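J.: Fold the following and give me the result.
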Amino acid sequence: MEKSNLHFKLLGTSFSIVADEDINYLEKLLNKYKSVLDNTQKAAGVNEPLKLAILTGFLLCDEIEKTKLEENRKGKEAEQRTLNMIARIDEVIPED
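T.: Coordinates of the predicted model:
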């Protein structure tokens, strides 16, 4: 895969990211970060770039962990439903 190169200015500095990802994906990540950054700045009233970057990173980590927990919960629910269906089938189908 061809490397993508994304240049952008954020929090008073400029960045260049080179990655083995599609440029559209990198831009999607950047837009997500900018959105959370704007919301963080409005909610916390923080204007210092370093503090804002740290707080935004922390909130994004929180979002990732909550997503993992939700996926884990859904996986356990699906497993339990499958086991319940198997138990019902076992009740209906007699063993030889």
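J.: Could you check how far residue 19 is from residue 53?
T.: The gap separating residue 19 from residue 53 is 19 Å, by CB to CB, to the nearest Å. (Glycine included, C-beta is placed from N, CA and C.)
J.: Let me fix that, I meant to ask about residue 81.
T.: 42 Å.
J.: just residue 84 next, same as before
T.: Per CB to CB, residue 84 is found 47 Å from residue 53.
J.: higher neighbour count, these two?
T.: With neighbours defined as other CB atoms under 10 Å, residue 84 and residue 53 compare such that residue 53 has more, 17 against 10.
J.: tell me the pLDDT at the more buried one?
T.: Per-residue pLDDT puts residue 53 at 94.
J.: show me the contacts for the nearest residue to it once chain neighbours are set aside.
T.: Closest residue to residue 53 apart from its sequence neighbours, by CB to CB, 6 or more residues apart in numbering: residue 11 at 5.8 Å. Residue 11 sits next to 37, 49, 52, 53 when contact means CB atoms under 8 Å, 6 or more residues apart in numbering.
J.: And the third one, which helix or strand is it part of?
T.: Secondary structure from DSSP states H and E places residue 52 in helix 49-92.
J.: by contact count, what packs against that helix?
T.: Judged by 3 or more CB pairs under 8 Å, 6 or more residues apart in numbering; DSSP states H and E, the packing partners of helix 49-92 are helix 23-44.
J.: I'd like to check what contacts the helix or strand residue 18 falls within. Which residues are they?
T.: Using DSSP H and E, residue 18 maps to strand 13-19. Contact with strand 13-19 is made by 3, 4, 5, 6, 7, 8, 9, 26, 49, as judged by CB under 8 Å, 6+ apart.
J.: again, only this time at 10 Å
T.: Contacting residues not belonging to strand 13-19 are listed as 1, 3-9, 25-26, 29-30, 49, 53 [CB atoms under 10 Å, 6 or more residues apart in numbering].
J.: ok, now stretch 56-72?
T.: Contact with stretch 56-72 is made by 11, 32-41, 43-44, 46, as judged by CB under 10 Å, 6+ apart.
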